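> I'd like to go over a predicted model; first the sequence, then the structure.
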2 protein chains.
Amino acid sequence: MQPRYIKHIFVCTNKRLADSPKGDCTQCGSHDIRLKFVQLINQHGLKGVIRANKSGCLDACEMGTTVVIYPDNIWYTRVANDDVEEIFTTSILNDEIVERLAATEQTWVELRAIRNTRK
Amino acid sequence: MQPRYIKHIFVCTNKRLADSPKGDCTQCGSHDIRLKFVQLINQHGLKGVIRANKSGCLDACEMGTTVVIYPDNIWYTRVANDDVEEIFTTSILNDEIVERLAATEQTWVELRAIRNTRK
């Protein structure tokens, strides 16, 4: 069994209709966020070792752009373009976590609460 | 830090132009493969615990439908619809590997060789 990447970053690039109450990550600039990861990977000579992948819906739509890093299993929500460099340095170049952006149990409680108010 | 899923399956659903020499996973039936994972997840009452996600290109285009399971970091290539139930039982319900489908170092050597012949 042979894994392919040391770190595999998935950035949600799902797109919904403009009037969806869920919103989507594309509206939050996720395409540019992914491209910034790609750029940093290339700048550090890590192409083929680290991958910044588009992903379909990661089911955290209401929480801004969602990024998950595997195999570490670090979930970041509400990621902005300005956060990418810090995430890259902290979680890709080092095996650490940007605590202020990392999902906690409270993140998922909040997400469920938002969804429950729509029911 | 709070991960979201016990197992996160990514199925490449990338689509290229029909005449691309790379081919793509959609041509190989990856949408149906993903839906079969979703169906099995639901049948086993694992919705919200296991996710079968669409993913953008996983960069193994020439190797048939690619599926990666995180956080285990198991890569399967040339996955057919008939393989899904075995993968689900083996790698999702149990923490094991379907060896005949799992990528090996040879898989990536083969992929590089295919690409080099096109250069």
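Looks like it came in fine.

> so what's the backbone phi/psi at the residue nearest the centre of chain A?
Ranked by distance to the mean C-alpha position of chain A (CA atoms, centre = their mean), the top residue is A:V67 at 0.9 Å. Dihedral pair for A:V67: phi -130, psi 130, per degrees, to the nearest 10.

> what's the distance between it and chain B?
Noted for A:V67: a distance of 12 Å to chain B, by CB to the nearest CB, to the nearest Å. Where you see a C-beta, it was placed from the backbone N, CA and C, and this is true even at glycine.

> which ones are touching that residue?
Going by CB atoms under 8 Å, 6 or more residues apart in numbering or on different chains, A:V67 touches A:9-12, A:33, A:75-76, A:79, A:87.

> again, 6 Å this time
A:V67 sits next to A:11, A:76, A:79 when contact means CB atoms under 6 Å, 6 or more residues apart in numbering or on different chains.

> what of A:M63?
So A:M63 contacts A:77-78, A:111 (CB under 6 Å, 6+ apart).

> so in terms of bridging, what pairs with the nearest residue to the residue nearest to the centre of chain A once chain neighbours are set aside?
Leaving out its chain neighbours, the residue that sits closest to A:V67 by CB to CB, 6 or more residues apart in numbering or on different chains is A:Y76, at 4.5 Å. Using DSSP bridges, the bridge partners assigned to A:Y76 are A:V67, A:A102.

> lowest confidence element among the helices and strands of chain A?
helix A:105-118 (a mean of 91; mean pLDDT, DSSP states H and E).

> give me the contact list for that helix.
For helix A:105-118, contacts defined as CB under 6 Å, 6+ apart pick out A:21, A:62-63, A:77, B:2.

> which parts of that helix are buried?
Using 16 or more other CB atoms under 10 Å in any protein chain shown as the test for burial, helix A:105-118 gives A:107-108, A:111.

> how about stretch A:69-89?
Of the residues in stretch A:69-89, A:69-70, A:72-79, A:83-84, A:87-88 count as buried by neighbour count, 16+ other CB under 10 Å.

> stretch A:31-48 too?
The neighbour-count check on stretch A:31-48 (16+ other CB under 10 Å) flags A:33-34, A:36-38, A:40-41, A:46 as buried.

> does it reach chain B?
No - judged by CB under 6 Å from any CB of the partner chain, stretch A:31-48 stays clear of chain B, getting no closer than 8.5 Å.

> off-centre distance for that stretch?
Mean-position distance between stretch A:31-48 and its chain equals 14 Å (CA atoms, centre = their mean, to the nearest Å).

> list of residues touching that stretch?
Residues contacting stretch A:31-48 (CB under 6 Å, 6+ apart): A:9, A:11, A:13, A:50, A:52, A:65, A:79, A:81, A:84, A:88.

> distance to chain B and secondary structure added to these, as TSV?
Shown next, in TSV, are the contacts of stretch A:31-48 (distance: CB to the nearest CB, whole Å; DSSP: H, G, I helix; E, B strand; the rest coil):
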residue	distance to chain B	secondary structure
A:I9	11	strand
A:V11	9	strand
A:T13	7	coil
A:I50	12	strand
A:A52	10	strand
A:T65	15	coil
A:V79	15	coil
A:N81	19	helix
A:V84	17	helix
A:F88	17	helix
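
> where's the dip in pLDDT among these?
Note: of those, the lowest pLDDT belongs to A:T13, at 88.

> for A:I74, give me phi and psi.
When read as degrees, to the nearest 10, the backbone of A:I74 gives phi -100, psi 120.
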